[in-house]
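In: The following comprises the amino acid sequence and a computationally predicted model.
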Amino acid sequence: MPFDLHSLRNGLVVSCQPVKGGPMDRADIVVGFALAALDGGAAGLRIESADYVRAVRAATARPIIGLVKRDLDDSPVRITPWLEDVDALAGAGADIIAYDATDRVRPTTTRALVERIHHHGRIAMADCSVLADAGRALAEGAEIVGSTLAGYTGPVEPTTPDLELVAAMARLTPHVVAEGNIRTPELAAAALRAGAFSVVVGSAITRPEHATSWFRDAVDRAAAERAADAMAGPALALDIGGTKMLAALVEGERVLDTHRMPTPTGGTPGDWLAALFAGIAAWRGRYGSVGVAVTGIVDDGLWSALNARTLNIPERFALVETVAGLAGAPVLAANDAQAAAWGEYRFGAGRGADMVFLTISTGIGGGIVANARLLGGMAGNFGQFVGDDAQGPLEDRVSGKWIAAEAGRHQPGATAREVFAAAAGGQDWANAILDISAGRVAQLARNIQLALDPARIVLGGGIGLAPSYLDRVRQALAELPARLRPDIHAAALGEHAGIVGIADLAGHNPTGGERT
Ligand SMILES: CC(=O)N[C@H](C=O)[C@@H](O)[C@H](O)[C@H](O)COP(=O)(O)O
């Protein structure tokens with residue numbers, strides 16, 4: 001039956017080319033790889049050498065792209081350079097014959113190779129390095145063009161696929177094969193989306209030596225990072241809030257030492273920081289990096305107030321530069337709730353998952369970690385969300401301040417803590433206030449789920465962690481279908497989340513500068 005090219009449409013082709021001279025370089029092993037690939041759902045195979053094509057052909061009728069590789073003295077062309085190679089591959093049973101279609105010094109013209117492939121009634125696949133190769137190959141009659149040689153004509157071997165070339169070739173012909181350095185299922189899918197007709201994957205599946213080395217390199221890099229962290233010793237973490245300033249020496253999630261002082265009511269942020277550093281002068285030399293978590297917004301190391309009533313600071317205060325001058329070490333700065341989000345992500349209730357952190361206390365803050373990255377700038381400022389009822393920011397209708405104000409009608413002067421106590425004692429009015437507050441947080445969590453679909457939402461803060469509050473939030477969400485229901489957990493690091501988070505971020509920031 002003549003070979004039907006369409007059997008490869010949207011298909012995965014597995015290239016079974018062992019490392020030359022390596023332990024897998026045996027016909028029986030190549031046949032084993034080929035049959036295993038077909039069992040796994042491959043639509044076709046790419047096999048090197050007439051002998052191996054013959055061996056695989058004897059084991060399967062499925063499509064085979066054949067090629068011969070040679071290292072020639074007088075030409076850089078390696079893939080099927082000779083007419084005799086074409087004859088041998090056709091004789092061995094290849095359906096498609098791949099050849100080097102680059103414009104380089106070569107023993108035989110590409111036109112002659114294509115003619116010879118057609119003479120045997122086979123399909124010609126042009127392995128290209130640039131778009132011009134593909135244009136020429138199509139003009140010479142090749143049925144398929146591949147991105148096989150993209151990057152391989154230069155001095156340094158590529159490590160990523162050239163999907164732009166795939167997309168450009170797809171504008172010339174529908175029969176484009178994406179090939180070369182497709183190392184993950186995601187890249188294979190991206191190649192198809194870029195316009196490929198079929199995708200060839202080789203080393204990631206059939207060269208254990210190569211795939212092992214990628215993993216080994218990644219593990220080596222992580223080990224080097226770990227060793228560098230251990231060498232760097234503790235980080236200095238600062239938390240500058242509206243009422244208090246906290247300095248701490250932090251190693252991993254361990255807080256080794258702390259120093260607290262009230263945030264001065266007068267002076268500039270530069271004065272406050274100088275006062276804080278005077279209090280921790282004895283720590284000098286014990287830390288290699290500094291993280292600063294602050295209330296407000298941090299953009300490019302510059303600090304601005306979000307709400308001047310919480311902390312009045314000059315617009316775009318040079319926070320990183322000022323602290324670097326005082327500390328003599330690289331500095332990283334972030335919003336305090338964002339820093340706490342990172343702390344919970346690294347060591348607390350959000351470990352390793354895409355997560356949103358919500359802190360409900362006097363106000364509401366938050367942070368977002370997506371794809372292992374903490375979002376900076378304004379991201380996570382949930383307390384500032386507004387409804388369409390012009391009732392002001394959400395935090396004014398939820399937080400500790402609001403709870404205490406609502407309680408005033410029933411128990412003048414009551415604090416939020418006292419409202420929780422009254423609720424625990426069975427007071428209906430107190431339960432009603434807490435249910436309203438928790439219901440609004442539940443609504444916020446629901447909206448966050450719809451916007452970001454995090455794996456978890458972590459709830460912290462004095463109100464968020466007060467007895468019964470999380471249960472009330474969960475209760476308010478109980479009726480939602482499971483897929484829409486946020487998975488809410490109590491924060492695990494308590495008041496240390498911010499300093500642990502900012503210390504960890506700072507420890508991985510050897511060059512300094514703001515990174516959030
Ligand atoms: C440049 C060159 O000589 N490529 C060769 C072509 O057949 C093979 O060595 C590759 O393994 C094949 O293209 C599949 O690519 P990857 O193994 O990166 O998935």
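Out: That came in fine, so what should we check first? Numbering: from 1, shown residues only.

In: any idea where the helices of the stretch 151-300 of the chain begin and end?
Out: Secondary structure of the stretch 151-300 of the chain (DSSP state H, counting those that start in this stretch): helices at 163-170, 185-193, 203-206, 208-232, 269-279.

In: Which residues are in contact with whatever residue of the chain ends up closest to the ligand?
Out: Closest contact between the chain and the ligand, by CB to the nearest ligand atom, is at Gly202 (2.8 Å). The way it works is simple: take the backbone N, C-alpha and C, and place the C-beta from them, glycine included. By CB atoms under 8 Å, 6 or more residues apart in numbering, the contact set of Gly202 is 14-17, 46, 179.

In: Next, format the residues you listed as CSV and append pLDDT, distance to Leu89 and secondary structure.
Out: Shown next, in CSV, are the contacts of Gly202 (pLDDT from 0 to 100; distance: CB to CB, whole Å; DSSP: H, G, I helix; E, B strand; the rest coil):
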residue, pLDDT, distance to Leu89, secondary structure
Val14, 98, 18, strand
Ser15, 98, 15, strand
Cys16, 98, 15, strand
Gln17, 98, 14, coil
Arg46, 98, 12, strand
Glu179, 98, 17, strand
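
In: for the residue of the chain closest to the ligand, phi and psi?
Out: Per-residue torsions, Gly202: phi -120, psi -90 (degrees, to the nearest 10).

In: so how far is Glu251 from it?
Out: 44 Å (CB to CB, to the nearest Å).

In: now do Ala333
Out: Separation of Ala333 from Glu251 (CB to CB) stands at 20 Å.

In: what's the answer for Ala228, then?
Out: 14 Å.

In: swap in Glu143?
Out: 62 Å.

In: Make sure Asn10 is actually in contact with Ala191.
Out: No - look at Asn10 against Ala191 with CB atoms under 8 Å: they stay out of range, at 11.1 Å.

In: near the ligand at all, stretch 53-63?
Out: No - judged by CB under 6 Å from any ligand atom, stretch 53-63 makes no contact with the ligand; its nearest approach is 12.7 Å.

In: What mean pLDDT does that stretch get?
Out: Averaged over stretch 53-63, pLDDT sits at 98.

In: before we move on, what about stretch 493-512?
Out: For stretch 493-512, mean pLDDT rounds to 82.

In: can you check stretch 474-481 too?
Out: pLDDT averaged over stretch 474-481 gives 95.

In: Buried ones in stretch 135-153, by neighbour count?
Out: 135-138, 140, 142-152 (16 or more other CB atoms under 10 Å).

In: tell me which helix or strand of the chain sits lowest on mean pLDDT?
Out: None of the helices or strands of the chain scores lower by mean pLDDT, DSSP states H and E than helix 208-232, at a mean of 89.

In: Please name every helix or strand in contact with that helix.
Out: Contacts defined by 3 or more CB pairs under 8 Å, 6 or more residues apart in numbering; DSSP states H and E place helix 208-232 against helix 203-206.

In: chain center to the helix it packs on, what's the gap?
Out: 23 Å (CA atoms, centre = their mean, to the nearest Å).

In: Same check on stretch 100-108?
Out: That offset, for stretch 100-108, works out to 40 Å (CA atoms, centre = their mean).

In: Flag every residue of this structure that's near the ligand.
Out: 15, 17, 67, 148-149, 152, 179-182, 200-204.

In: how does it look with 8 Å?
Out: By CB under 8 Å from any ligand atom, the residues of the chain that approach the ligand are 15, 17, 46, 48, 67, 69, 78-79, 98, 127, 148-149, 152, 157, 161, 179-183, 200-207, 210.

In: For Thr322, what is the enclosing helix or strand?
Out: helix 319-327 (DSSP states H and E).

In: Going along the chain from that helix, find the next helix or strand for me.
Out: Immediately after helix 319-327, counting by DSSP H and E, sits strand 331-335.

In: partner strands of that next one, parallel or antiparallel?
Out: strand 290-294 (parallel) (DSSP bridges).

In: about what we covered before: which one of Asn10 and Ala191 has more residues nearby?
Out: Using other CB atoms under 10 Å as the criterion, Asn10 and Ala191 rank with Ala191 on top: 26 against 11.

In: Report the contact partners of Met378.
Out: Taking CB under 8 Å, 6+ apart as the definition, contacts of Met378 comprise 297, 306.

In: That one in helix, strand or coil?
Out: Here Met378 is coil, with the state taken from DSSP: H, G, I helix; E, B strand; the rest coil.

In: rewinding a little: and the contacts of Gly202 as JSON lines, adding neighbour count?
Out: Below are the contacts of Gly202 laid out as JSON lines (neighbours: other CB atoms under 10 Å):
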{"residue": "Val14", "neighbour count": "25"}
{"residue": "Ser15", "neighbour count": "28"}
{"residue": "Cys16", "neighbour count": "26"}
{"residue": "Gln17", "neighbour count": "21"}
{"residue": "Arg46", "neighbour count": "30"}
{"residue": "Glu179", "neighbour count": "29"}
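
In: buried ones in the least confident helix or strand of the chain?
Out: For helix 208-232, by 16+ other CB under 10 Å, it's 229, 232.

In: what residues does it touch?
Out: Counting by CB under 8 Å, 6+ apart, 19, 22, 24, 183, 203-205, 288-289, 507-508, 510 sit against helix 208-232.

In: Throw the contacts of Gly202 into CSV and include distance to Ala339, thanks.
Out: Below are these laid out as CSV (distance: CB to CB, whole Å):
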residue, distance to Ala339
Val14, 46
Ser15, 47
Cys16, 50
Gln17, 49
Arg46, 50
Glu179, 45
